[in-house]
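**Student:** sequence and predicted structure, then a few things I'm wondering about:
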Amino acid sequence: MSEKNRDGKRNARERLAVEREKQKAADKRRRALIVGASVICVLGLAAVIGVVAANSGKDKKSSASGPVVSPSGATGKDSLAIPVGKDGAKSTLTVWEDFRCPACQAFETAYRPTIHELVDSGQLKTEYHLVTLIDGNMGGSGSLRAANAAACAQDAGKFREYHDVLYENQPKETDDAFADNAKLIGLAGKVGGLDTPAFRACVNNGSHDSWVQKSHAAFQAGGFTGTPTVLLGGKNIYADQSMTPAKLKQMVEAANKG
């Protein structure tokens, strides 16, 4: 073998060795980045858990006090349900909801037309239970303030209309905009005849705060894990992955025929 060929092979081996070292170094940096990112994710999760725990503690300290004043027409155990629809309806839909909850808004957007149709035709009665889950998870008081305002709307016979307006104007989950009573009163202007001195006083005084807190305690005691929790005849239909508005309508119509 000529000297030239030997030099060429040696240079090729050296270049290959250099490339291997570069690849090893790149792999090492990539592993370091992956590990680092994993640590950040874990720390981020720990931070979120810490914030949730801290906010939960604050909520317990700031729980509403005073007498439990149920809104007009509230029914069920301890008068914790706000009914919508005719008492004679054969089917009852029970909804546990939080006005700050994005999933609740998604449910409302998808199912509201069907629920309204069934309620208006006398086939279905809906019972709403208001909770403050997001206040506990994210901090703030928007869930409580909005629920109290909705109970005040119930006093005025305008619950369903105001309930829908709240979801149509729901802020982002991290934005505690509903904590502002002035905003809630402003939204009442979208419901004819609701923005009255009596409604404003009810909202500003937190007249139903203790009732909302009692409703949330019933939610926790019921072992429910999230909102919305939607029950039809006691069965959790929200957990049914095959559920659709059309299927809900079929179930209610079948129950009415039975």
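**Tutor:** Yes, it's here. As the structure is a computational prediction, the values presented were derived from the model and not from experiment.
**Student:** ok, now which ones touch the residue nearest in space to the middle of the chain?
**Tutor:** Centroid check for the chain by C-alpha atoms, centre = their mean gives C101 as the closest residue, at 2.1 Å. C101 makes contact with 133-134, 143, 173, 227-228, according to C-beta atoms under 8 Å, 6 or more residues apart in numbering. Heads up, the C-betas are built off the backbone N, CA and C, glycines and all.
**Student:** just checking, T75 touches H129?
**Tutor:** No. With contact defined as C-beta atoms under 8 Å, T75 does not count as touching H129 (10.9 Å).
**Student:** neighbour count: the two, which is higher?
**Tutor:** H129 (24 against 13; other C-beta atoms under 10 Å).
**Student:** tell me, how many residues neighbour the residue nearest to that one when sequence neighbours are not counted?
**Tutor:** Spatial nearest neighbour of H129, excluding adjacent residues (C-beta to C-beta, 6 or more residues apart in numbering): W96 at 4.6 Å. W96 sits with 26 neighbouring residues when counted by other C-beta under 10 Å.
**Student:** hmm, back to that, kindly reformat the contacts of C101 as TSV containing secondary structure and pLDDT.
**Tutor:** Output for those, formatted as TSV (DSSP: H, G, I helix; E, B strand; the rest coil; pLDDT from 0 to 100):
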residue	secondary structure	pLDDT
L133	helix	97
I134	helix	97
S143	helix	98
E173	coil	94
T227	coil	96
P228	coil	97
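**Student:** farthest-separated two in the residues you listed?
**Tutor:** Using C-beta to C-beta, the pair of the contacts of C101 lying farthest apart is E173 and P228, separated by 13.9 Å.
**Student:** where along the stretch 101-250 of the chain do the helices fall?
**Tutor:** Assigned helices in the stretch 101-250 of the chain, in chain order: 102-120, 133-138, 142-155, 159-168, 181-188, 197-205, 209-221, 245-257 (criterion: DSSP state H, counting those that start in this stretch).
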